[in-house]
Structure formats: C-alpha cells, structure tokens
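>>> predicted structure and sequence below. I'll ask about it afterward.
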Amino acid sequence: MLPLDRQFAESIDGVSRALAEWSLSLLYERRVDLEARYGPEGRDLWKGEFVNRLQYLAEAIAADRPAIFVNSVEWARAAFAAREMDEADLVDSLLALDETLRAELPSQVATRACRVVAEGIAALRKPVANAVDAAAPSVLDHEGVDGTRARLYLMHLLERHQSKAVDVLLDAVRSGKSVAEVYETVIGPALSEVGRLWHLKEATVADEHYVTAATQSAMAILRMKLPRATPNGLRVLAASVGGDLHDIGIRMVADLLESEGFDVECLGANMPTGDLIERLRETAAAGGYDLIALSASTGLTVRTMTDAVAALRAETGPADVPIMVGGGAFCSIPDLWQVVGADGCACSATEAVKVAKRLVG
C-alpha cells in the first residue's frame with residue numbers, strides 16, 4: 001500500500017460527512033421525484049448510502065484496487081432490486097457523488113476518486129437478467145457445497161430449533177464427512193446464505209445473530225470430534241482485525257490447525273492491533289508465536305489489516321514471524337493479500353492449514 005494512495009484516501013476520510021451532505025443535496029436537487037417516492041426518511045437513507053459508499057471508495061483508493069468499491073456498488077444494486085427500488089436512482093447517486101468529488105476535492109485526489117467511481121457506474125450499467133442473482137448469488141448450489149444439509153441446517157436455525165440443526169451436522173459426521181468438510185460444505189455456506197438473506201431483507205438482524213451464536217455452540221460440539229495430531233511445537237496467534245465483528249471463519253481455521261498439531265490461541269473478533277502487539281510482548285519470553293493468522297471479512301478493513309501487518313512485523317523484528325490472512329475481502333480480490341503485506345492467503349479453513357504448513361516450513 002503506497003503512502004500517496006493512503007494520503008488520497010485520508011483526504012476523503014477527512015471530509016466524508018460533508019461530501020455525503022453535498023452529494024445528497026445535489027441528488028435531491030436533480031431528482032425532485034425522490035422526496036415523494038422515498039418519503040420523510042428518504043434523505044437519511046440516501047445520506048447513509050453516500051457515507052457507506054465513500055468508506056468503500058477510500059479503501060479502494062488506499063489499496064489501489066477499484067474492485068473494493070465496485071463490489072460494494074454491486075451489492076447495493078442487489079439490495080435495491082430486492083426491495084423493488086429503481087436501480088436508476090443508484091446510478092444517479094453515483095453521478096451526484098462524482099460531480100461533488102470533482103468540485104470539492106483537490107484535483108489530483110478528485111481525478112483518482114472519480115476514476116474509481118466511473119468503474120462503479122460502468123458496472124451498474126451492464127445489463128443483467130437478475131440483479132439479485134448477479135450481485136448476491138447464493139452459494140448453496142455451488143459445486144462442492146452440501147446444499148441439502150446446508151439448507152436444512154439453516155432452516156432449523158431460522159425456526160429456532162438449535163438441537164435439530166446440530167443433529168444435521170452430527171448426521172453428516174456419522175455419514176462419513178470429516179469435521180473439516182462439515183465446516184466448509186455445510187456451516188460456511190449456511191452462514192454465507194443467512195448473510196445474503198439479511199442483505200436482501202429476507203432475514204432480520206435477530207436471525208443473523210441467532211444463527212451466528214448457535215453456530216458457535218455447534219462448532220464447540222464438533223470440535224470434540226476432530227482428530228488430534230501429535231503436537232508439532234508450533235504456536236499460532238489468530239484473530240479478526242479491529243473493526244471486523246465476524247470470527248466464525250478464523251475459529252474454523254484455529255480448530256483445524258489445532259487438529260493438525262498446532263498450538264493455537266484464537267482471540268476472536270474485533271481485535272485492536274495494540275492488543276495483538278501486547279500479546280506478542282507477553283509471550284516473547286516463552287518463545288512467542290511461529291505464525292500469525294488474521295481475518296478480514298469486508299473491504300472496509302483493508303487499511304486496518306495493512307496497519308496490523310506492518311505493526312506486527314515491526315514488533316517481531318528479526319524473528320520474521322510469517323503472517324497469513326484470509327476472509328471475504330481477500331477471496332474476492334486475489335492479490336489483495338500482497339497489497340496488505342502478508343506472506344500468504346487462504347480462502348478456506350482447509351486451505352489455511354496447507355498455507356500455514358508451507359509458511360512455517
């Protein structure tokens with residue numbers, strides 16, 4: 001991540017609220033019909049949309065990966081389509097944002113930012129048969145996914161039948177699936193699906209939280225059925241970076257690494273970099289760690305990940321502890337792990353085991 005890119009991104013961060021207000025005013029000035037169609041809450045809705053879009057824009061510029069912004073725009077299109085909102089409104093909002101950026105930002109920053117926004121507009125203007133399926137496809141029918149069990153597991157949880165959901169997972173193990181396979185072909189896809197349903201307003205925040213909490217309990221049961229290899233003497237520090245509230249994925253990685261003989265300390269979600277550094281210092285006398293595994297689920301934590309990697313490297317110094325990253329942000333942009341300065345990347349828990357073994361030699 002280049003210093004100038006970070007500087008441009010921070011220029012947007014510093015005035016993002018004002019940019020959102022100006023873009024909102026311009027949009028409503030040009031589209032007088034929005035007041036009637038979106039009602040009294042419309043302006044708040046659109047202001048939130050502009051703020052969110054500017055956050056993704058800043059991350060895309062900092063990483064020099066426009067796909068971070070484009071992906072967010074395509075997700076927004078899926079949400080609009082699911083709510084039967086006019087996709088043209090979204091295009092017009094980006095046009096208003098583009099004009100605001102040109103008028104209010106320094107020319108160098110504006111040129112860079114508008115180039116990224118233009119890619120988002122171009123993506124929206126590509127014809128698609130179904131905006132929901134194009135931008136937010138279900139993974140349950142993907143090759144390698146146990147779609148039947150994933151659907152059944154999720155259905156039971158949405159109906160608040162946790163014990164029945166756990167039985168689905170245990171039945172899969174009894175049928176010959178490994179715990180790793182259950183993690184990746186049943187639980188992972190089911191969690192992805194409830195996230196998709198929430199985004200499309202077909203599931204509530206309560207649904208999503210319940211499914212996540214119940215899955216953590218289910219994983220505790222499955223963890224007892226994992227094989228245990230002879231300890232290899234290697235220690236791993238695992239966590240989701242600060243600002244990332246999701247930790248199921250990193251916990252899956254931790255479980256599978258432990259089954260392969262690693263000694264894993266998983267600190268869970270939203271771990272501030274300062275606390276990670278403090279943990280390194282606390283364990284230094286005992287030999288520290290041989291590998292650090294970090295997760296980021298969205299493009300909004302790319303700079304946080306970059307800063308975490310840099311800080312951890314500075315702390316470990318000559319020890320040169322390898323750092324592995326993963327999560328949705330890195331799976332959608334294949335080379336993003338190199339941008340943040342990591343040593344390797346994995347897009348699944350089983351792949352993480354392979355990458356970990358390679359990184360520690």
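Received it, and whenever you're ready, just let me know what you need.
>>> CA only for contacts and neighbour counts going forward, please
Will do.
>>> would you mind listing the buried residues in the helix ranked longest in the chain?
In the chain, assigned by DSSP state H, the helix with the most residues is helix 42-63. Residues of helix 42-63 classed as buried: 43, 46-51, 53-63 (neighbour count, 16 or more other CA atoms under 10 Å).
>>> equivalent analysis for stretch 332-349, please.
Going by 16+ other CA under 10 Å, stretch 332-349 has these buried residues: 336-337, 339-349.
>>> now do the domain split for the chain, please.
3-130, 147-223, 235-359 (automatic domain parsing).
>>> can you add mean pLDDT and give those domains back as a markdown table?
Converted to a markdown table, these look like this (pLDDT from 0 to 100):
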| stretch | mean pLDDT |
| --- | --- |
| domain 3-130 | 94 |
| domain 147-223 | 95 |
| domain 235-359 | 94 |
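>>> those: which one's closest to residue 138?
Comparing the domains of the chain by their distance to residue 138 (CA to CA), the top pick is domain 147-223, with 6.2 Å.
>>> which of the buried residues of stretch 332-349 sit farthest apart?
339 and 349 (21.5 Å).
>>> circling back: in strands only, show me the buried residues of stretch 332-349.
By the criterion of DSSP state E, membership of the buried residues of stretch 332-349 in strands covers 344-346.
>>> quick one, helices of the stretch 101-250 of the chain?
Assigned by DSSP state H, counting those that start in this stretch, the stretch 101-250 of the chain shows helices spanning 107-125, 131-135, 147-158, 162-174, 179-182, 188-199, 205-223, 248-259.
>>> which residues are contacting the fifth one?
Right, the one you point to is helix 179-182. With CA atoms under 8 Å, 6 or more residues apart in numbering as the test, helix 179-182 has contacts from 169, 172-173, 222-223, 225-226, 256, 349-350.
>>> restricting to C-alpha, output that helix in PDB.
This file holds the C-alpha atoms of helix 179-182, laid out as PDB (Å, rounded to 0.1, in the frame of the first residue of the first chain):
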ATOM      1  CA  VAL A 179     -15.500 -32.100  10.600                       C
ATOM      2  CA  ALA A 180     -13.500 -30.000   8.200                       C
ATOM      3  CA  GLU A 181     -15.900 -31.000   5.400                       C
ATOM      4  CA  VAL A 182     -18.900 -30.100   7.600                       C
END
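>>> now do that helix: distance to the chain's middle.
Centre-to-centre, helix 179-182 and its host chain are 22 Å apart (CA atoms, centre = their mean, to the nearest Å).
>>> buried residues, it. List them.
179-182.
>>> could you dump those residues to CSV with distance to residue 156?
Formatted as CSV, the buried residues of helix 179-182 follow (distance: CA to CA, whole Å):
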residue, distance to residue 156
179, 20
180, 21
181, 20
182, 16
